[in-house]
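Participant: sequence plus predicted model, see below.
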Amino acid sequence: MSEKVSFAAKDGSSATGEIVWPKQGGRSPAVVLIQEWWGLNDHIRSLLDRLGAAGFIALAPDLYHGKVTGDATEANRLMTELDKPRALDEIAGAVRFLSAHERSNGKVGVIGFCMGGALSFAAAATIPELAAVVPFYGVPSPAPDYSRVKAPILAHFAARDGWATPAAAEAIRKELTARGQSMELHVYDADHAFANDTRPEVYNPDAARIAWERSIEFLKQHLG
């Protein structure tokens, strides 16, 4: 189970989140988990637990600073009002916190879903310390400077997604690979948020399992 944690954002100000620790001893790879537009809720905590069980130190920054909702209208408002530069400062702070931690092997990746997927792409372009990036069905707007991306990216998108479209993801992939940067893209026969097992109207167990297995393998490859 996760526990509360405080750390310094990139600008030195205080940030908070929740963290889990793997059972094994020694130094472990680390992952920053970026929330969906609902906030740092029980679903995100379950993903933290799964990352911990897979052998990672996992930290989810609380980008809404305590606010959580189950209402889509309110979630959209919270996402729209989010101070994205501040959020990226907190994500960068989480990366640095994990990288320097005595239980870390020094390698940190990021994984994010929906709004967190978009912020994962943005983090790839703004946080050079990252060693791996795994966005799920999210595209940042405005687009960051993708020429600054250093870490390999593994992206998961849904064929029936009108918000984070496969075409938008493919455009990012083409831009990156044309410069020799690494981005692997998988598109699943599913809807937006297909990996969220708390939303039966969109959850796709097969796609979610495959995407998760690919993600864990990718993170272990680049962070282990």
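Facilitator: Cool, the structure landed. Since this is a predicted model, take the numbers as computed values, not measurements. Residues are numbered from 1 along each chain as shown.
Participant: now Pro128: how far from Ala92?
Facilitator: According to Cβ to Cβ, to the nearest Å, Pro128 and Ala92 sit 10 Å apart. In this view, the C-beta of every residue, glycine as well, is placed from N, C-alpha and C.
Participant: where along this structure do the helices fall?
Facilitator: For the chain, the helices defined by DSSP state H occupy 42-53, 72-81, 84-100, 115-126, 166-178, 205-223.
Participant: mean pLDDT and distance to Pro152 added to those helices, as JSON lines?
Facilitator: Listed next are the helices of the chain as JSON lines, based on pLDDT from 0 to 100; distance: least, Cβ to Cβ, whole Å:
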{"stretch": "helix 42-53", "mean pLDDT": "98", "distance to Pro152": "18"}
{"stretch": "helix 72-81", "mean pLDDT": "98", "distance to Pro152": "27"}
{"stretch": "helix 84-100", "mean pLDDT": "98", "distance to Pro152": "16"}
{"stretch": "helix 115-126", "mean pLDDT": "98", "distance to Pro152": "9"}
{"stretch": "helix 166-178", "mean pLDDT": "98", "distance to Pro152": "10"}
{"stretch": "helix 205-223", "mean pLDDT": "98", "distance to Pro152": "6"}
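Participant: re the thing from before, compare Pro128 and Ala92 (neighbour count), which wins?
Facilitator: Ala92 (23 against 12; other Cβ atoms under 10 Å).
Participant: residues touching that one, list them.
Facilitator: Counting by Cβ atoms under 8 Å, 6 or more residues apart in numbering, Ala92 touches 9-10, 123, 126-127, 129.
Participant: and for Tyr146, the neighbour number?
Facilitator: Other residues within reach of Tyr146, judged by other Cβ under 10 Å, total 18.
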